[in-house]
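**Student:** Sharing a model prediction with you, sequence too.
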Amino acid sequence: MLLSCYELGHQPQGLASPLAFLERAGFVPDALDLAVEPFDEARVGRARFVGISVPMHTALRLGVAAARRVRRVNPGAHIAFYGLYATLNADYLRDTVADSVVGGEYEDALVTLVASLERAERPAPRTVPVLERLDFPVPSRATLRPLDTYTALIAAGGRRPAGYVEASRGCLHHCLHCPIPPVYGGRFFVVPPEVVLADIRGQVAAGATHITFGDPDFLNGPGHSLKIVRAMHAEFPALTFDCTAKVEHLLRRRALLPELASLGCLFIVSAVESLSDTVLANLDKGHTRADVYAALGALRETGIALRPSLLPFTPWTTLDDYIELLEFVATEGLVYHVDPVQYGIRLLVPPGSALLERPAMRPFLGPLPEPAALTHTWIHPDPRMDELQLQVMAIVARGAREGEETQTTFLQVLEAARRAAGRPAPPALLRLPPGPRPPRLSEPWFC
């Protein structure tokens, strides 16, 4: 049995892909998506093997709780964690809830693990992530919950079913706060175009009218990505898509943006993180404040919407930096381009993070990591920032709970920031462009 705990609201690739590998090997796996399905004690109780997909920190915390429940229901089951955050937290998982931990390109390793258990053999422990090219089958989605159970595209006042695929995994870059570099070490692996297109074809048949490309960076291999979206558009001209790309790639591959727009790209998620060049340098982001403005302009020229992801709370972010970031969102007309949860994101420093080895990070780390929280603590040198982060998350949570308008939540966050800085009420700087709101997915982005 395979369990998925949380994958940003989309139909879980962390189930669909290993299901296909296991089925090709002759197994008949079962799957349970705990984000949308209840924990089924009867099904879990019958399992000899339980694999738990943890591609995100949120999924990891939920997965640890699920594993403890699995252990109570089925003490004899072999529990394996797999995915990005399994590798980063391997020591803690092995010491507490996991019999095996697999990271990187994990699917063949899971098949080998299940086969060894079938032969009643003791699996060999694995201490490093798998970084080998795989022979990918088309992801298996027939036993997963229908697409309309998951996130949808919200555009032009309507709601459309959205599918999800991955054309590549890993990343060429080494951003210090990202969980990918410690696992992939600057490598990335492409999924054959025919496999991605077959997966898209199946999801369109299941009702998808929009596709999210979940690659860490869709422009790591631009030739590969363009080959896929060109073929996709030729077969499904009305199908739209979104993807993720670094700011530096939006500028370096600027000449490709008009074609992406013509092929149906509605928006691009990009890790802007901050406007502070000090913060960006300490994160080794590969872009500057000026680059953010240039990338925004480049996308606006094509009609593709920018959806920035932010990292507003780091040890190096000043209160002035934070207010400036909010004013950038307001004056550039980006209030509806940013999910409110982004305003409260705090730097996550999991075990294995490259930041732990950086002198710039060490002064702010707490005396001990928090194993149960699966992250290291850090303290901001300005106590107002730690207090503000808690206030912002409370504002955002209340707004989401009450269905508050995005701009209302934003103005409350801005007011809290200016109050923390002892500044007067904000001027009338909020610019809401005329026309329909920009396209977005119904599930807010966060990790």
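**Tutor:** Sure thing, it's come through. It should be emphasised that the depicted structure is a prediction, and the values quoted were computed from it without experimental measurement. Residues are numbered from 1 along each chain as shown.

**Student:** okay, stretch 218-232 in CSV with CA atoms only?
**Tutor:** The C-alpha coordinates for stretch 218-232 follow below in CSV (Å, rounded to 0.1, in the frame of the first residue of the first chain):
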residue,chain,number,x,y,z
PHE,A,218,10.4,24.1,-16.3
LEU,A,219,13.2,26.0,-18.0
ASN,A,220,16.1,23.9,-16.7
GLY,A,221,15.9,22.1,-20.0
PRO,A,222,14.0,24.5,-22.4
GLY,A,223,14.4,22.3,-25.5
HIS,A,224,12.8,19.4,-23.7
SER,A,225,10.0,21.5,-22.2
LEU,A,226,9.2,23.2,-25.5
LYS,A,227,9.0,19.9,-27.3
ILE,A,228,6.4,18.7,-24.9
VAL,A,229,4.2,21.9,-24.9
ARG,A,230,4.4,22.2,-28.6
ALA,A,231,3.1,18.7,-29.1
MET,A,232,0.5,19.2,-26.4
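
**Student:** Quick check: buried residues in that stretch?
**Tutor:** 218, 219, 220, 221, 222, 224, 225, 226, 228, 229, 231, 232 (16 or more other C-beta atoms under 10 Å). Every C-beta, even on glycine, is put in place using the N, C-alpha and C of the backbone.

**Student:** Wait, residue 45 touches residue 72, no?
**Tutor:** No. Counting by C-beta atoms under 8 Å, residue 45 stays clear of residue 72, with 10.3 Å between them.

**Student:** of these two, who's got more company?
**Tutor:** residue 45 (13 against 10; other C-beta atoms under 10 Å).

**Student:** what about the more buried one, which helix or strand?
**Tutor:** helix 41-46 (DSSP states H and E).

**Student:** Looking at residue 362 now. What's its pLDDT?
**Tutor:** You'll see residue 362 listed with a pLDDT of 93.

**Student:** Any idea how many residues pack against it?
**Tutor:** Residue 362: 11 neighbours (other C-beta under 10 Å).

**Student:** Report the separation between it and residue 279.
**Tutor:** Separation of residue 362 from residue 279 (C-beta to C-beta, to the nearest Å): 17 Å.

**Student:** Please apply the same query to residue 218.
**Tutor:** Residue 218 is 24 Å from residue 279, by C-beta to C-beta.

**Student:** possible to save the buried residues of stretch 218-232 as CSV with pLDDT and distance to residue 176?
**Tutor:** Shown next, in CSV, are the buried residues of stretch 218-232 (pLDDT from 0 to 100; distance: C-beta to C-beta, whole Å):
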residue, pLDDT, distance to residue 176
218, 97, 21
219, 97, 20
220, 96, 18
221, 96, 23
222, 97, 24
224, 98, 26
225, 98, 25
226, 98, 29
228, 98, 30
229, 98, 30
231, 98, 36
232, 98, 34
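
**Student:** So which of those residues belong to helices?
**Tutor:** For the buried residues of stretch 218-232, membership in helices holds for 222, 224, 225, 226, 228, 229, 231, 232, with DSSP state H as the criterion.

**Student:** between those residues, which is closest to residue 144?
**Tutor:** residue 232 (21.1 Å; C-beta to C-beta).

**Student:** Tell me who's in contact with the closest one.
**Tutor:** Residue 232 makes contact with 197, 200, 211, 239, 241, 263, 264 under the criterion C-beta atoms under 8 Å, 6 or more residues apart in numbering.

**Student:** residues contacting the second one?
**Tutor:** The one in question is residue 200. Residues near residue 200 by C-beta under 8 Å, 6+ apart: 163, 165, 208, 211, 232, 236, 239.

**Student:** one more time with 7 Å
**Tutor:** Residues counted as contacts of residue 200 (C-beta atoms under 7 Å, 6 or more residues apart in numbering) are 163, 165, 211, 232.

**Student:** what's the farthest-apart pair in those residues?
**Tutor:** Pairwise over the contacts of residue 200, using C-beta to C-beta, the maximum falls at 163 and 232, 11.0 Å.

**Student:** got any ranges where the stretch 51-200 of the chain has weak pLDDT?
**Tutor:** Applying pLDDT under 70 to the stretch 51-200 of the chain flags the ranges 125-127.

**Student:** what about the helices in it?
**Tutor:** 57-73, 84-88, 90-96, 107-118, 180-184, 193-205 (DSSP state H, counting those that start in this stretch).

**Student:** And for the closest residue to residue 233 other than its chain neighbours, the neighbour number?
**Tutor:** Using C-beta to C-beta, 6 or more residues apart in numbering and skipping the chain neighbours, the partner closest in space to residue 233 is residue 263 (4.4 Å). Residue 263 has 19 neighbours, counted by other C-beta under 10 Å.

**Student:** All good on my end, thank you.
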